[in-house]
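[1] next input, structure requested:
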Amino acid sequence: MGALALALVVALALAIVWVRALPAGVTSAPLPYSGARVGGWSGIDVSANGRYAWIVTDRGRRSEGPLRRDGTGALTGIEAPQPVFLPGLRGPRIGEYPDAEGIDVGPPGSRTYVAFEGFARLRAYDPAWERARWIPNPPDGQRYHENRGFEALARDPLGRLYTLPERPLRRAEAFPLYRFTRRDWMSEADWSVATHLTFSPGWYAVGADFGPEGALYLLERRFTGLAFASRIRRFDISGAHPSETLDGDVLYDAPPGRHGNLEGLGIWRDDTGALRAVMVSDDNMRAFQRAEIVEVILGQVGVWGARAHTP
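    This next block holds a predicted model:
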């Protein structure tokens, strides 16, 4: 190998190490059950104290368990049993297209909601997970077909459900943020557009959650052709009008290659008062992609590891 070629190889190796180096306030750990059979972790929600998580996969499975932490409180992994199939509308195993992408778990005793792609839809589950319950699709729900469906799913402090498509129907548009307010009956009329969120071409919405202070947090990812970049934006949607388009604050912006294909988002507040974001990396059931669980202390790190806006 010539001197120039060797120098290029060394420079590339150093660049990979530098990009993948985690700044203070960011931790990562491998996910169990990765690869072709049971990988594809694609949605996550966490408990209010950050000690427990619920996860769904691209193949219509779910798992849940305690989050492992070291003596400093840093995330080191999850104790999750092997995933089991989500129930369907008519039985214990999902019969519809099984690409589960988002999950929102409410207070104890309340229903859990799961968002799906492929056949874009939402489903509700009682605490026992005995079967799926139908809920109406947001307006234009079936226009978000294939890989444009609902990945980001969140419930506000009042119990109202919010979702948005992975990308708008047209590139020049903003994300419509749909809100579901359940009444004594359920119909498409229970959905409305709460507001709109700005869309940056190439950045797709893949996870959402409400923080304890009531702000909406949105996880977006961008694929460069070689690696994934990720960012988290925060929106104050209180009092927002359906005709408005809100531009959120970027709290975390990871360069391509620092993480894998981050999807799913859970927000919680630790004992110091800091907000933390927990995400999972979807390996698309491929051995060469990373399956990891990532936690970021929001406000401590930002673009290229620099300090960001404080929540």
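
[2] which stretches in the stretch 1-150 of the chain count as strands?
    26-30, 41-46, 52-57, 61-69, 75-78, 84-85, 100-105, 112-116, 121-125, 132-134, 150-155 (DSSP state E, counting those that start in this stretch).

[3] mind checking the end-to-end distance for stretch 131-139?
    Length of stretch 131-139, first residue to last, Cα to Cα, to the nearest Å: 25 Å.

[4] for it, what does the pLDDT average out to?
    In this model, stretch 131-139 carries a mean pLDDT of 87.

[5] what residues does that stretch touch?
    Stretch 131-139 has contacts (Cβ atoms under 8 Å, 6 or more residues apart in numbering) with 86-92, 94, 111, 113, 120-126, 150, 163, 178, 180, 182, 186-188, 190-191, 193. Every residue, glycine included, has its C-beta placed from N, CA and C.

[6] show the buried residues in those residues.
    Buried subset of those (neighbour count, 16 or more other Cβ atoms under 10 Å): 86-88, 94, 111, 113, 120-125, 150, 163, 178, 180, 190-191.

[7] my guess is Pro176 meets Arg170, correct?
    No. Pro176 is beyond contact range of Arg170, at 11.5 Å (criterion: Cβ atoms under 8 Å).

[8] for Leu31, give me its contacts.
    Trp41, Ile78, Val280, Ser281, Asp283, Ala291, Glu292, Ile293 are the contacts of Leu31 under Cβ under 8 Å, 6+ apart.

[9] number of nearby residues for Ser192?
    Neighbourhood size, Ser192 [other Cβ atoms under 10 Å]: 14.

[10] skip the chain neighbours and tell me the closest residue to it.
    Arg179 (5.5 Å; Cβ to Cβ, 6 or more residues apart in numbering).

[11] tell me what angle the helix or strand containing that neighbour forms with strand 112-116.
    Using DSSP states H and E, Arg179 maps to strand 175-180. Strand 175-180 and strand 112-116 meet at an angle of 140 degrees, taking axes from the mean of the first three to the mean of the last three Cα atoms, to 10 degrees as the criterion.

[12] neighbour count for Pro176 and Arg170, which is higher?
    Higher neighbour count among Pro176 and Arg170: Pro176, with 20 against 7, using other Cβ under 10 Å.

[13] now do the same contact list for Pro212.
    Pro212 sits in contact with Ala48, Pro157, Ile267, Trp268, Arg269, Leu275, where contact means Cβ under 8 Å, 6+ apart.

[14] which of those residues has the most neighbours?
    Busiest of those [other Cβ under 10 Å] is Ile267, holding 28 neighbours.

[15] partner strands of the one helix or strand that residue maps to, with direction?
    Element membership for Ile267 (DSSP H and E) is strand 262-269. Neighbouring strands of strand 262-269 in its sheet, by DSSP bridges, are strand 275-281 (antiparallel).

[16] tell me the helices and strands packed up against the helix or strand just after the partner strand.
    Later in the chain than strand 275-281, the nearest helix or strand by DSSP H and E is strand 292-297. For strand 292-297, the elements it packs on are strand 26-30, strand 75-78, strand 275-281, judged by 3 or more Cβ pairs under 8 Å, 6 or more residues apart in numbering; DSSP states H and E.

[17] mean pLDDT and distance to Asp247 for those - can I get that in JSON lines?
    Output for the helices and strands packed on strand 292-297, formatted as JSON lines (pLDDT from 0 to 100; distance: least, Cβ to Cβ, whole Å):
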{"stretch": "strand 26-30", "mean pLDDT": "95", "distance to Asp247": "25"}
{"stretch": "strand 75-78", "mean pLDDT": "96", "distance to Asp247": "30"}
{"stretch": "strand 275-281", "mean pLDDT": "96", "distance to Asp247": "19"}
